[in-house]
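Novice: Curious how this folds, go ahead:
(2 chains)
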Amino acid sequence: MTSMKMVEVPLQIFRYKEGERPHYDTFTVQVPETAHVIDAMDAVWAMHDRSFTFRRACHHSSCGSCSLRINGVEKLPCITRVTDVWDGRAPLRLDPLRNFAIVSDLVVDVSSFFQRLSAAGMAITRDAEPSLPLSVDGLAVIGVSPKPVELPENLSCFNRFENCIECAICMSACPTMATDDKFLGPAGLAAIYRARQKTDNPIDVAHLLGMADGEHGVWRCHSAFECTAACPQAVDPAGKIMALRRELIGRRFKKR
Amino acid sequence: MATLNYPKIRQAGRWIDVRRRKLGMWAYALNRLTGIGLVVYLYLHLGVLSQLARGQSSWDSFVSLARSPYYLALDVLLLAGILIHGLNGLRVALTGFDIGVRAQKTLFGILMLVAAVALVAAALKIFGG
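Specialist: Here you go, the predicted structure:
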């Protein structure tokens, strides 16, 4: 049996607790060479400091809860290998996401992110899941019914926002978000775009495009494209913002 | 629950924080820096023009200063700002119309190459006479 090769990784971690000054603590942990950054963070918590707070759940880029900045760049530590981001010398720096209030250490208050999705009518599955058995292609997985489950007509509004895992990385990467709290941002505008695709109802369309065309809508974007570059799920929020602009411009020309 | 929020002025520093960022962020930062630079220039220009109101001798002394190599170097810097801001603005406008969004990095590269060539030609003209 071959032994697993271990590496000693120094982690420089942003620390903040209520009533204390923010600072960095450095810990060195031993992890397998194939470990992901989240494993090194777990090791810090287990071996060094139980007051170290961070979010994590799925460990496979599905929940989006562990998002943070590794060496200044937004990443999901659950799918980022230590050896891919650590140069072997300087400590690996971990910071919380930008553009959100910091609650404790690497935990930020992402409520503003979800408010933006809700504004577009993109309900989050875990908040609004209908009380139906889970189903695959309309067939019940849980429960005994062999016939297709009767789905409500408006189920589509409960669907998850497709590829988006609600990690909020796009809002952290966006430089414009830094100075405009009310900017709908990449996530909010991509959600509006998706909601717009789903409807031709003139009232809904007017509402959605009205939001996108507002003072804190698509025109606030200054084409840094960092949201698209940082998104771990290829949602391409910047592309959606540009597509919304195209529709808005097209409608203005049609009006004349 | 008391959360930590950084002041806006500190957050504005993120406009030009290009460390480990992609090309689009460099374009964004360059547009902010050149934009601010051009606004400052506009006020300086108005200040310089006010010399005209102080009579011929005042204006003549300014003109002799404006012919010095140091001042001409500032002209080249101004041109650099105009070219970068203008051509990058063209990229922003095109992508804003949903044109060339996927090729925005290439677009930026081409436009900055055009800016560099134009700047070299202008610098040669300014210093070469």
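
Novice: In contact with the residue nearest to residue A:61 when sequence neighbours are not counted, which residues?
Specialist: In this structure, residue A:61 finds its nearest non-sequential neighbour in residue A:79, 4.5 Å apart by Cβ to Cβ, 6 or more residues apart in numbering or on different chains. Placement of C-beta: from N, CA and C, glycine included. With contacts defined as Cβ atoms under 8 Å, 6 or more residues apart in numbering or on different chains, residue A:79 is in contact with A:36, A:60-61, A:232.

Novice: Please check the residues you listed and keep the buried ones.
Specialist: The neighbour-count test (16 or more other Cβ atoms under 10 Å in any protein chain shown) marks A:36, A:61, A:232 as buried among the contacts of residue A:79.

Novice: quick one: which of those is nearest to chain B?
Specialist: For the buried ones among the contacts of residue A:79, the minimum distance to chain B (Cβ to the nearest Cβ) is 14.4 Å, reached by residue A:232.

Novice: Helix, strand, or coil at that closest one?
Specialist: coil (DSSP: H, G, I helix; E, B strand; the rest coil).

Novice: Mind pulling up the pLDDT for the residue lying closest to it once chain neighbours are set aside?
Specialist: In space, and not counting its chain neighbours, residue A:232 is closest to residue A:76: 5.2 Å by Cβ to Cβ, 6+ apart. The model reports residue A:76 with a pLDDT of 97.

Novice: Would you mind confirming that residue A:76 is in contact with residue A:59?
Specialist: No - no contact is recorded between residue A:76 and residue A:59 when judged using Cβ atoms under 8 Å, the distance being 9.9 Å.

Novice: These two: who's more crowded?
Specialist: Counting neighbours by other Cβ atoms under 10 Å in any protein chain shown for residue A:76 and for residue A:59 shows that residue A:76 has the greater number, 27 against 16.

Novice: mind checking how far that one is from chain B?
Specialist: From residue A:76 across to chain B, the span is 16 Å (Cβ to the nearest Cβ, to the nearest Å).

Novice: In contact with that residue, which residues are there?
Specialist: By Cβ under 8 Å, 6+ apart, the residues touching residue A:76 are A:61, A:64, A:66-67, A:167, A:169, A:232.

Novice: 7 Å instead?
Specialist: Listed by Cβ atoms under 7 Å, 6 or more residues apart in numbering or on different chains, the contact set of residue A:76 reads A:61, A:66-67, A:167, A:232.

Novice: Next: residue A:245.
Specialist: When contacts are counted by Cβ under 7 Å, 6+ apart, residue A:245 touches A:218, B:96, B:98.

Novice: host element of it?
Specialist: For residue A:245, the host element (DSSP states H and E) is helix A:237-255.

Novice: cool, and residue A:28?
Specialist: strand A:23-32.

Novice: Is that strand in proximity to chain B?
Specialist: No - using Cβ under 7 Å from any Cβ of the partner chain, strand A:23-32 never reaches chain B; the gap is at least 11.6 Å.

Novice: So what's the gap between that strand and the chain middle?
Specialist: Relative to the chain's own centre, strand A:23-32 is displaced by 25 Å; criterion: Cα atoms, centre = their mean, to the nearest Å.

Novice: Mind listing what's buried along it?
Specialist: Judged by neighbour count using 16+ other Cβ under 10 Å, the buried positions of strand A:23-32 are A:27, A:29, A:31.

Novice: ok, now how distant is residue A:29 from residue A:84?
Specialist: Counting by Cβ to Cβ, to the nearest Å, the separation of residue A:29 from residue A:84 is 17 Å.

Novice: And the helices in chain B?
Specialist: B:8-11, B:23-49, B:56-66, B:69-96, B:104-128 (DSSP state H).

Novice: Now render those as CSV, adding mean pLDDT, mean neighbour count and distance to chain A.
Specialist: CSV is the format used below for those (pLDDT from 0 to 100; neighbours: other Cβ atoms under 10 Å in any protein chain shown; distance: least, Cβ to the nearest Cβ, whole Å):
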stretch, mean pLDDT, mean neighbour count, distance to chain A
helix B:8-11, 82, 12, 4
helix B:23-49, 94, 16, 3
helix B:56-66, 87, 11, 34
helix B:69-96, 95, 16, 5
helix B:104-128, 95, 15, 6
